[in-house]
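> Got a sequence here, can you build the structure:
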Amino acid sequence: MNNMTVLIVEDDPSLREALCDTLSLAGFATKVASDGTAALKLLEQEPINLVVSDVQMRPMNGHKLLEKIKVLYPTTPVLMMSAYGTIEKAVTAIRDGAVDYLVKPFEADALLEKIEQLLPETSSLPPPHQEMVAEDLLTRELVELARRVAPSNATVLLKGDSGTGKEVFARLIHNSSDRRNGPFVAINCAAIPEDMLEAMLFGYEKGAYTGALKRTVGKFEQAQAGTLFLDEISEMSLGLQAKLLRVLQEREVERLGGNELISLDIRVLATTNRNLREEVAAGRFREDLFYRLNVFPLTLPPLCDRPRDIMPLARFLIQRQLQPGESAPEFSDGAVQLLMAHQWPGNIRELDNLIQRALILNDSQIIDVLDLNFEPDQVAFALPETEKAALTQGQLTDDLKSVEEQMILDALRSEQGCRKDVADKLGISPRTLRYKIARMRDAGVAIPR
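Model prediction:
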């Protein structure tokens, strides 16, 4: 578990509860409010690390709430969400001080990914001030290369599948460089609409377009004397690629709607999970930009290709979830064998999710095979047949699952939905109850209010 508290402001009770369950399962403490007025009262009462707010609410809507938060709590980040998302609304929200914007409907993973970007200390990967987990020879060689290129000003292109730790390596390069005391400015090129991405990268002058009510500094300027991290650069449109290339060549930027050239002193790091040479051949990526970025390429292998990292990472990720003073559970031999046998298509991000689920299900100091709850379509294909059989026999049968679900439903009704009282009545922890309710909801079970 981490020590971060997220305030969810949403007037739809079902969505509010679903968001609360998602964040609780990810280890966050959550507070909820049904409108802006109630949210401000909660902000007065206790520290909040992040506000996730809907836009369309009464009596105080999300934009009005954002305006008040920026005055009363200027250091508290606000993530806006709305079913009425357009580029204009998103730009308005960013202009007014929101750190980012999500358009409904969105996947739970998209919300958690945004929060990890906004609150880096919650990330599933090792933070920049800690030594990187690198036990495998392949990883140690990459770390050595990253540290050797760090003192230079060379552009580094980090390649690899999603979840392999590209941002961790980018931060390692930044923190090992002479720019370590400067800003590390990150932007996800895949998560932002093209028009908005251009404005966020280059900045804009007042009146540059409808809704541009004041001069705004872009990410390039924010990264002065530091590092600009362009995540998923391959998702950028060809038109914007041309503008980016000019900035990288000339080392100067011009804000949208302006005529002043601003000299840049930045180091650029970029990532891609695609084969950029193939993207160039297909006409989807500019060849000249590819060579500008590919000065020093670093390719991060998938987790399954660096097996000696798996168990050290698993133990590291457990430590990140523990409360101060809590002792870390150990893995049984069978659990270790299962972890080492898995192919990890989701890489470190998948491992972190699995560890969180294991800690929810585990009630002892030993994490066993049955605590490792892989996705339904992922089977323990590399285990011996005898152990597969033992694993299957140890699982709850459908009948027992039905009995368990009925007990939870009955307790929810008898305790008027109070999760704490329900957990006490069933003799399980609140986090285990939240997990089971979330699984029931995903399976289509109607949960009483």
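
> which residues are contacting the helix or strand hosting Leu197?
Assessed by DSSP states H and E, Leu197 sits inside helix 194-202. Residues from elsewhere that reach helix 194-202 (Cβ atoms under 8 Å, 6 or more residues apart in numbering): 87, 90-91, 94, 187, 189, 192, 208-209, 212, 216, 218-220, 236-237, 239-240, 243-244, 247, 253-256. Quick note: C-beta positions are derived from backbone N, CA and C, even for glycine.

> Low-confidence ranges, this structure, go.
1-3, 84-97, 120-131, 210, 376-404, 427, 429, 431 (pLDDT under 70).

> Sort out which residues of the helix holding Leu197 are buried, please.
Using 16 or more other Cβ atoms under 10 Å as the test for burial, helix 194-202 gives Asp195, Leu197, Glu198, Ala199, Met200, Leu201, Phe202.

> go on, stretch 6-16?
Here stretch 6-16 shows Val6, Leu7, Ile8, Val9, Glu10, Asp11, Arg16 as buried, counting by 16+ other Cβ under 10 Å.

> Redo those residues as CSV? Include secondary structure and distance to Thr22.
Shown next, in CSV, are the buried residues of stretch 6-16 (DSSP: H, G, I helix; E, B strand; the rest coil; distance: Cβ to Cβ, whole Å):
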residue, secondary structure, distance to Thr22
Val6, strand, 10
Leu7, strand, 14
Ile8, strand, 10
Val9, strand, 15
Glu10, coil, 12
Asp11, coil, 18
Arg16, helix, 11
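
> Closest to Arg292 out of those residues?
Lowest distance from Arg292 to those (Cβ to Cβ) belongs to Val6, with 38.9 Å.

> List the contacts of stretch 232-240.
188-191, 194, 197-198, 201, 244, 270-274, 276, 279, 284-286, 293.

> before we move on, what about stretch 166-185?
Stretch 166-185 is contacted by residues 123, 125-129, 132, 142-143, 146-147, 149-151, 156, 158-160, 186, 219, 222-229, 231, 267, 269, 271, 298, 300 when judged by Cβ under 8 Å, 6+ apart.

> rerun at 6 Å
Outside stretch 166-185, the residues within contact range by Cβ atoms under 6 Å, 6 or more residues apart in numbering are 125-126, 128, 146-147, 150-151, 158, 160, 219, 222-223, 225-229, 267, 269, 271, 300.

> ok, back up a step: JSON lines for the buried residues of stretch 6-16, including distance to Met80?
Output for these, formatted as JSON lines (distance: Cβ to Cβ, whole Å):
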{"residue": "Val6", "distance to Met80": "14"}
{"residue": "Leu7", "distance to Met80": "13"}
{"residue": "Ile8", "distance to Met80": "12"}
{"residue": "Val9", "distance to Met80": "10"}
{"residue": "Glu10", "distance to Met80": "11"}
{"residue": "Asp11", "distance to Met80": "14"}
{"residue": "Arg16", "distance to Met80": "15"}
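
> farthest-separated two in those residues?
Counting by Cβ to Cβ, the most remote pair of those is Val6 and Asp11, 17.1 Å apart.

> how about the strands of the stretch 1-150 of the chain, start to end?
5-9, 29-33, 50-54, 78-82, 100-103 (DSSP state E, counting those that start in this stretch).

> and of those strands, who's closest to Ala438?
Using Cβ to Cβ, the strands of the stretch 1-150 of the chain put strand 29-33 closest to Ala438, at 13.3 Å.

> From His63, how far off is the residue nearest to Leu43 when sequence neighbours are not counted?
Excluding the flanking residues, the one nearest Leu43 by Cβ to Cβ, 6 or more residues apart in numbering is Tyr73, at 6.0 Å. Distance of Tyr73 to His63, given as Cβ to Cβ, to the nearest Å: 16 Å.

> Looking at these two, which is more packed in?
Taking neighbours as other Cβ atoms under 10 Å, Tyr73 and His63 compare with His63 leading, 19 against 16.

> hang on, the earlier thing: can you name the element that comes right after the helix holding Leu197?
Assignment by DSSP H and E places the next element after helix 194-202 at helix 219-222.

> Just the buried residues of that next one, please?
Lys219, Phe220, Glu221.

> just checking, what packs against it?
Helices and strands touching helix 219-222, by 3 or more Cβ pairs under 6 Å, 6 or more residues apart in numbering; DSSP states H and E, are strand 184-188.

> Name the strands paired with the strand it packs on and say parallel or antiparallel.
Next to strand 184-188 in the sheet, as set by DSSP bridges, lie strand 227-231 (parallel).

> Skip ahead from the strand it pairs with and say which helix or strand is next.
Sequence-wise, the next helix or strand downstream of strand 227-231 (DSSP H and E) is helix 238-250.

> What residues of that next one count as buried?
In helix 238-250, counting by 16+ other Cβ under 10 Å, buried: Leu240, Gln241, Lys243, Leu244, Leu245, Val247, Leu248.

> Rebuild these as TSV, extending it with distance to His342.
Formatted as TSV, those follow (distance: Cβ to Cβ, whole Å):
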residue	distance to His342
Leu240	38
Gln241	37
Lys243	43
Leu244	38
Leu245	41
Val247	42
Leu248	40
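
> out of those, what pair is the most spread apart?
Every pair of the buried residues of helix 238-250 checked by Cβ to Cβ; the farthest is Leu240 and Leu248, at 12.4 Å.

> CA atoms of stretch 322-331 as CSV?
Only the C-alpha atoms of stretch 322-331 are listed here, as CSV (Å, rounded to 0.1, in the frame of the first residue of the first chain):
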residue,chain,number,x,y,z
LEU,A,322,3.9,-2.6,2.7
GLN,A,323,3.0,-0.2,5.5
PRO,A,324,5.9,1.0,7.7
GLY,A,325,6.8,-1.9,10.2
GLU,A,326,5.0,-4.6,8.1
SER,A,327,7.1,-7.6,7.4
ALA,A,328,7.3,-8.9,3.8
PRO,A,329,5.8,-12.3,3.0
GLU,A,330,8.1,-14.9,1.4
PHE,A,331,7.3,-16.9,-1.8
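
> Just the closest of the buried residues of stretch 6-16 to Gly27, please.
Nearest to Gly27 among the buried residues of stretch 6-16 is Val6, at 10.6 Å by Cβ to Cβ.
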